[in-house]
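Asker: Predicted model, plus sequence, below.
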Amino acid sequence: MNEVFQRDTSAIVYPSYKTSGDLQVAVENFSAWILDQLQPDLFDHTDIVLLGHSMGGIVGAESILHFQQHAHLLQRASIVGLIAYDTPFYSVNPDSISTTAMGHVERFSRYIPDTGLFGGNDTQSRGRNVISRSPSMTSGQRWGMLAGAVGALGAAAVGAYIARDQISSALSDAYGQVEFVSTLMDTEGLKERVKKLLQVPDLLFHCYYVKLPTRQHQRTFIQLPPSDTTTFFTPIAMQHAESEVEAHTTIFDPVKNDQYYTIGSSSIGLMVEHLAGLDRGKATQDLDLD
């Protein structure tokens, strides 16, 4: 990736761990891990781009907002981007799961607190760096935050899931063994999160989402964004998935997703363009100071 980005680049994987607790705990753990990876004595400056599948995108978003309030913790690093893959920023499309399943979710969420879900070796180098980290979750009870572009996307094939036995099989297929329901039910909170994210200066934000071909209506796993934020969302047609849930969980399977490599190259393109723009802006500022 060094040649692509024309700078020293590290792709760092967030290690798997057995999760418990709520979204805030997940964000705190991930944010602390980011700080652990940064070694200011080795880096002149570090640009960080987060990549997250499913609920990993929400953990990434919350981490960015966290560091907006505690920017001093990053020292000479900056989180400059978040690229998400089928992250339900505006909740899950109610058409993608049964009415019965949604009823189970609503009833179940009344009895649990707000809960959280977030679904390589470090390479050190001198100079200006780009670190791409991808919040993501492995199947079952363990999570992994995945980093990188094309290669990391392939490693992310298992993606992020949430599951509870009490929720119908439709949702169980989409999510693994984690307590995460009420966050997706908080409509206003979901909207506010995206609103705050878009207000972060010089931040790349984009979400690729899966859709199934149909003449009748949009078949997507995520709830589609409102008109004022559609430019930040790009559909990925999944020709071989039989359901929205299957499309969601196999977005990184090249057998199921013909657009697998397109997503990778497009993601790299977004990062390259954004980082180049940041470099141009910095160069202009330096000239003005001279």
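Answerer: Okay, I see it. Source: prediction; values computed, not measured.

Asker: CA only for contacts and neighbour counts going forward, please
Answerer: OK.

Asker: burial of residue 242, as a residue count?
Answerer: Residue 242 is flanked by 11 other residues according to other Cα atoms under 10 Å.

Asker: For it, which three-state class applies?
Answerer: What DSSP: H, G, I helix; E, B strand; the rest coil gives for residue 242 is coil.

Asker: can you tell me how far residue 35 sits from residue 223?
Answerer: 33 Å (Cα to Cα, to the nearest Å).

Asker: Pick out whichever of these two has more residues nearby.
Answerer: For residue 35 and residue 223, the more surrounded residue by other Cα under 10 Å is residue 223, and the numbers stand at 20 against 13.

Asker: Verify the contact between that one and residue 88 for me.
Answerer: Yes: with contact defined as Cα atoms under 8 Å, residue 223 reaches residue 88; the gap is 6.5 Å.

Asker: what does the model give residue 137 for pLDDT?
Answerer: Note for residue 137: predicted pLDDT of 42.

Asker: ok, for residue 89, nearest residue in space, not its chain neighbours?
Answerer: Among residues not flanking residue 89 along the chain, residue 190 sits closest, at 6.0 Å (Cα to Cα, 6 or more residues apart in numbering).

Asker: same deal with residue 35?
Answerer: Per Cα to Cα, 6+ apart, closest to residue 35 is residue 74, 6.7 Å.

Asker: Run through the neighbouring helices and strands of the host helix or strand of residue 209.
Answerer: Per DSSP states H and E: residue 209 is located in strand 204-212. With contacts taken as 3 or more Cα pairs under 8 Å, 6 or more residues apart in numbering; DSSP states H and E, strand 204-212 sits against strand 77-85, strand 219-220, strand 233-237, helix 244-249, helix 260-289.

Asker: what pairs with it, and is each one parallel or antiparallel?
Answerer: When pairs are called by DSSP bridges, strand 204-212 turns out to pair with strand 77-85 (parallel), strand 219-220 (antiparallel), strand 233-237 (parallel).
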